[in-house]
Each structure stands twice: as C-alpha cells, then as structure tokens.
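Chemist: I would like the atomic coordinates for the input below:
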Amino acid sequence: MSAVIRIAIDCMGGDSGLPVTIPAAFAFAQRFPDTHLLLVGLVEPLEQAVAEHAKRYRGISPDRFTVVAATEVVGMDDSVEIALRRKKDSSMRVAAQTVKDGQAQACVSAGNTGAWMAISKYVLKTLDGIDRPAIASVLPNQTGGTTIMLDLGANVDCTALHLLQFAMMGTAFAQVGKQNPNPSIGLLNIGEEAIKGNDVVKQAGELLRESSLNFYGNVEGDDIFKGTVDVVVCDGFVGNVALKTAEGVVRMMSQMLREAFTRNLFCRALGLLALPVLSRFRAQADNRRFNGAALLGLRGVVIKSHGSADAIAFGFALDCARASVANNLLARTTSAIAQLTQVQPQTETESRDPI
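Modeler: Reported below is the predicted structural model:
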C-alpha cells in the first residue's frame, strides 16, 4: 500500500509493558516502512525506552513514531469499573481514542482483556445490529489452514442471539481474512446431534438453521483442529477454556519431546535425526505466530495481544493490526454484517447495556 498505515499501541499494557512493546514496535517498523506508530503511555519512561532502542535501530527515523501522552495505566488486576470510570486518561483509553479521532486506523493492547473490551466498546461503540463485541482469532488446523474461533473470552454469559451475532461476525471475518465468500459455521457443543447441549446452545442452533448463514451444524472440540468448518462459534467461557487447554497441550508436548530426546546419548542421536520434523512441529505449534485477536463488532479495528506475550509474539499482534487495515477489515466487515443482518430471522434484540 502506498498510503501510510497508522497504528496506536498501548505501550504500558500486558505483564511486561515497555520491555516488550517498544522492541516489538521497532522491529515492526523495520519490517514495514509503510507504517507510522503512535506509542501511547507515560511520557518519561516511554521516551527513555524509545531513546534506548533507537541506538540499536539506527536505520529507523524518529519520524516513524509519535509519542502520545497518557497519565494512567490500567493494571492487569484492575476491575472494569476502575479502568473505565476512574482511569479516564489511561494508555488503553487514549489508544482507543486515537482510532475514534482518526489519528490511527487500528489500536493494539496486551493489557487487561475485560478492561480493553469495555474501553473499546465505550469509546468506539458497536456496529449496527451487534449487541456485544467478540474476540476472534485464527487457530492452525491439520489441513494446513486455519480455523477462526469466537468468542475467546469477551462474553462469559451469552444468549442465543449473541451466538447468532458471533456467527455473523465470524462469517464476515472469514470472508475478509480467508477470502471465502461462503464460510461454513460450526456451533461448539458436546455432540453433533441437534438435541444435545444446554438451552442456549439449542436455541442458537435453531436460529442458525433459520438464518442465511452457511451453518454446518454442531461441532465438537476436536473439530476445531481438524478443520471441519471455517468458523467455530461458542460463548467466551467455553472458548477461552478451549484455547488455553490447547496452548497447554502444545507446551506439554514440546516439553515431553525435549526431555525424550535429551535423556541419553542414543536419544540425542535420534533427536538429531528427527530435528527437521521437530523444527517444523515447533514452527507450526508456536502459539506466538497466532498472537493477535480481533475484537469484532466495533466501529474501529481493535487488536488484543496475549498479556504474557514476548516481543516476538507482540510483533505478530502488530502484524495482525496492519493486515486488518491493509485488507479494509472494518469497511468490509461492516458491509458484510449489514447485509447479513437484513436477512436474519426476526428476533427480539436486547437493549444495549451502557458501560
């Protein structure tokens, strides 16, 4: 793209803050000369961190960055109320505000998920036809492609209508990201049969079958990584547990392989022979490559990074933000949701809860 892409970063968010976000920002700027980064945070430590890294990245002009002042930081253990009501000049809120004001086209944070969701919703508002934003991300599957899954933690308690809206947003996201005009939707359940699941999931299944979406039917947990469908829909509680469980299994398998091939001289020799296979597995299973989840349903591009992300992982979240802007995610998602909303079955929508 010839136009400059402007991305705002909450530099103070996450478990580590500046030691992660600033080196990731410089490495990202080096990879993508078409970007300008708005670095949001406490001015003194932020400018000091930028000055230190500028010495290591001498080829990057200071004009590639703009330091945007914030006087407060949302802690990882702060409640939504504290983040939204009491810390009105936090780095999170200022970052989101830059998108609303048109200074940036996307914003990224590794901070408190609940606070980031609440602040983004309050500042940017939701799209027409959407009651609640949802966190969506792509996960690798055994076909060599990816599966989009949502919600991954933004909404613990959902109605059937929310799950239908998540399916709409997931469809739009897949149309943009996977270039698939008619992505298949699966509803995560404890079995494939329509009679299984709790009342909310059963009602959601009925709404999806009546909709114009390409509804495959119920899917189970292993279907996520089989690549059975393009998009898997569930509430945030189930989605977050499934995601964290998968990450834990990958870490356990990696650890077991390392231990197995370093036990003795013979095992080390086998490990050397298997090194190409192990390297491919490590690359494919490295969850840092898939860091960066989109908060769908908002009037702006908002990306959530893992709080524990290192600089490499946070860099992938920045990549996600840039790709979202470059591919016109917001405009195309807005258009797709508007078209889908017009042909959905008539249902009672809940009043939007003011945060």
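Chemist: what are the ranges of the strands in this structure?
Modeler: Assigned by DSSP state E, the strands in the chain fall at 5-10, 35-41, 65-69, 106-109, 134-140, 146-150, 184-188, 214-219, 231-233, 293-296, 301-304.
Chemist: show me the contacts for the spatially closest residue to residue 155 that is not a sequence neighbour.
Modeler: Distances taken as C-beta to C-beta, 6 or more residues apart in numbering place residue 236 nearest to residue 155, at 4.3 Å, with adjacent residues excluded. Every C-beta, even on glycine, is put in place using the N, C-alpha and C of the backbone. For residue 236, the contact set (C-beta atoms under 8 Å, 6 or more residues apart in numbering) comprises 134-135, 151-156, 158.
Chemist: from what I see, residue 56 and residue 22 are in contact.
Modeler: No. Using C-beta atoms under 8 Å, residue 56 and residue 22 do not qualify as a contacting pair, with a distance of 10.6 Å.
Chemist: can you put the strands of the chain in CSV and add mean pLDDT?
Modeler: Written out in CSV, the entries for those read as follows (pLDDT from 0 to 100):
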stretch, mean pLDDT
strand 5-10, 97
strand 35-41, 97
strand 65-69, 96
strand 106-109, 98
strand 134-140, 90
strand 146-150, 93
strand 184-188, 97
strand 214-219, 96
strand 231-233, 97
strand 293-296, 92
strand 301-304, 96
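Chemist: of those strands, which is nearest residue 205?
Modeler: strand 184-188 (5.6 Å; C-beta to C-beta).
Chemist: show me what the closest one is packed against.
Modeler: With contacts defined as 3 or more C-beta pairs under 8 Å, 6 or more residues apart in numbering; DSSP states H and E, strand 184-188 has these neighbours: helix 160-177, helix 199-210, strand 214-219, strand 231-233, helix 236-260.
Chemist: tell me the most buried of those?
Modeler: When you average the neighbours per residue for each of the helices and strands packed on strand 184-188 (mean count of other C-beta atoms under 10 Å), strand 231-233 leads with a mean of 29.
Chemist: want to throw the helices and strands packed on strand 184-188 into a markdown table with distance to residue 331?
Modeler: Output for these, formatted as a markdown table (distance: least, C-beta to C-beta, whole Å):
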| stretch | distance to residue 331 |
| --- | --- |
| helix 160-177 | 9 |
| helix 199-210 | 26 |
| strand 214-219 | 22 |
| strand 231-233 | 20 |
| helix 236-260 | 26 |
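Chemist: of those, which is nearest residue 34?
Modeler: The closest of the helices and strands packed on strand 184-188 to residue 34 is helix 160-177. By C-beta to C-beta, the value is 19.5 Å.
Chemist: mean confidence for that closest one?
Modeler: For helix 160-177, mean pLDDT is 89.
Chemist: that one vs strand 134-140, what angle?
Modeler: 50 degrees (axes from the mean of the first three to the mean of the last three C-alpha atoms, to 10 degrees).
Chemist: helices or strands up against helix 160-177?
Modeler: strand 134-140, strand 146-150, strand 184-188, helix 199-210, strand 231-233, strand 293-296, helix 329-342.
Chemist: 6 Å instead, please
Modeler: Identification of packing neighbours for helix 160-177 by 3 or more C-beta pairs under 6 Å, 6 or more residues apart in numbering; DSSP states H and E yields strand 134-140, strand 146-150, helix 199-210, strand 231-233, helix 329-342.
Chemist: give me the residues contacting the fourth one.
Modeler: Same thing as strand 231-233. Contacts made with strand 231-233 from outside it, assessed by C-beta atoms under 6 Å, 6 or more residues apart in numbering, are listed as 148-149, 163, 166-167, 170, 174, 183, 185-188, 224.
Chemist: tell me the buried residues within the contacts of residue 236.
Modeler: 134-135, 151-155, 158 (16 or more other C-beta atoms under 10 Å).
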